[in-house]
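Peer 1: below is the sequence, then the predicted model.
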Amino acid sequence: MTDIAHLALGVRDPARSLAFYHDVVGLEGAVREADFGFVVTTPRGISFSLIRGEPPEGLGEVHFGVALPGEEAVRTRRAELAGMGIREVDWWVEPGFVSLKIADPDGYVVEFFWEEA
């Protein structure tokens, strides 16, 4: 079985991005500073690297998602982020699926979603 264990993003300001992913997205884990930026190792063992550099342009539909436990949790998160002044990129509701997309400081899209099993 293959599983994704690492995600690395090129970001203009790794410290700013680290604060965004911690404070806005809610990413938790051990943080290690490196010459290139930061590596966060989540409690599930996934490495999330923020590498100083230029993000790619024209990401299209590229995004990554944060699963929430229910439709109401997505709606609550939407209200919290709006209260923080975070700009919404997309809001989608259909039977059995709710999705909220926001952009990080470099334009990467993060989706908070719930999908009925």
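Peer 2: Arrived safely, thanks for sending.
Peer 1: all helices of this structure, in order?
Peer 2: Assigned helices in the chain, in chain order: 14-20, 71-83 (criterion: DSSP state H).
Peer 1: quick one: buried residues of the longest one?
Peer 2: The reference is to helix 71-83. Of the residues in helix 71-83, 71, 74-75, 77-78, 81 count as buried by neighbour count, 16 or more other Cβ atoms under 10 Å. (Glycine included, C-beta is placed from N, CA and C.)
Peer 1: can you check the shortest one too?
Peer 2: Of all the residues in helix 14-20, those buried under the rule 16+ other Cβ under 10 Å are 14, 17-18, 20.
Peer 1: who touches that helix?
Peer 2: By Cβ atoms under 8 Å, 6 or more residues apart in numbering, the list of residues contacting helix 14-20 from outside reads 9, 11, 31, 36-38, 40, 50-52, 104-106.
Peer 1: and those residues, which two are the farthest apart?
Peer 2: Pairwise distances among the contacts of helix 14-20 were taken by Cβ to Cβ; the largest, 18.4 Å, belongs to Val31 and Asp106.
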